[in-house]
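*Asks:* Predicted model follows, preceded by the sequence.
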Amino acid sequence: MASSSSTSTTLSLSSPSTLVDTKLARQLPQCVSLPSLPPPPLPSHNQRSWKSTAYCRKIARNVIARATGEAPTDVASMDMPEMVRTIQDAWDKVEDKYAVSSLAVAGVVALWGSTGMLSAIDSLPVIPGVLELVGIGYTGWFAYKNLIFKPDREALLKKIKDTYKDIIGSS
């Protein structure tokens, strides 16, 4: 038995599933590298420049043909949408375009500022929950006051239609 223990090698666990001979592990190299890739082929500038020049000529030829030819029928017969025409007519009627543009910019800045304010309020710990409860309560009150009974619904619809006519104008 002594002879068998002197010739045996010690085994150790390198991972939970494999046994490795410690004498053999000392002899193996510790670093394993991947083979290097061959250098990339050198591009021939003459061949690539010829291909890109031919491609650019093809694009230029298509552009010139489009510019000098007749417009396609679908583009020529395409009309602007009614909404765009209405907006353009309204913009043409505006006398003080500077004031309207300033109001539009001020509106965008106010929207951006209110978004920042709402995100700051949302980051507070208790306030979002309280505001959510207030919103749920107001929604319930509004539904009870205006939507449950038929005369209340009719009065609400009449008020909405009157407000719409005041804003848009009766046409």
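*Replies:* Received the coordinates, thanks. Numbers count the residues shown, from 1 in each chain.
*Asks:* And the contacts of the helix or strand that residue 130 is a member of?
*Replies:* Per DSSP states H and E: residue 130 is located in helix 127-146. Here helix 127-146 makes contact (Cβ atoms under 8 Å, 6 or more residues apart in numbering) with 121, 122, 152, 153, 155, 156. Where C-beta positions appear, they are placed from N, C-alpha and C, glycine not excepted.
*Asks:* Next secondary structure after that helix?
*Replies:* Next along the chain after helix 127-146, taking DSSP H and E as the criterion, comes helix 150-168.
*Asks:* Report the two of the contacts of helix 127-146 separated the most.
*Replies:* By the measure Cβ to Cβ, 122 and 155 form the most distant pair in those, at 35.6 Å.
*Asks:* quick one: the helices in this protein?
*Replies:* Secondary structure of the chain (DSSP state H): helices at 2-7, 22-27, 45-68, 73-76, 82-93, 97-122, 127-146, 150-168.
*Asks:* Could you point out which residue ranges in this protein have low pLDDT?
*Replies:* Low-confidence segments of the chain (pLDDT under 70): 1-33, 42-79, 170-171.
*Asks:* related to what we said a few turns ago, need the contacts of helix 127-146 in TSV (columns: neighbour count and distance to residue 104).
*Replies:* Output for the contacts of helix 127-146, formatted as TSV (neighbours: other Cβ atoms under 10 Å; distance: Cβ to Cβ, whole Å):
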residue	neighbour count	distance to residue 104
121	11	26
122	10	27
152	13	38
153	12	36
155	12	35
156	14	31
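*Asks:* got a markdown table for the residues you listed, with distance to residue 41 too?
*Replies:* Formatted as a markdown table, those follow (distance: Cβ to Cβ, whole Å):
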| residue | distance to residue 41 |
| --- | --- |
| 121 | 61 |
| 122 | 57 |
| 152 | 81 |
| 153 | 78 |
| 155 | 82 |
| 156 | 77 |
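*Asks:* quick check, nearest of those residues to residue 167?
*Replies:* Using Cβ to Cβ, the contacts of helix 127-146 come closest to residue 167 at residue 156, 16.7 Å.
*Asks:* separation between residue 122 and residue 135?
*Replies:* 13 Å (Cβ to Cβ, to the nearest Å).
*Asks:* what do you get for residue 167?
*Replies:* With distances taken as Cβ to Cβ, residue 167 is found 25 Å from residue 135.
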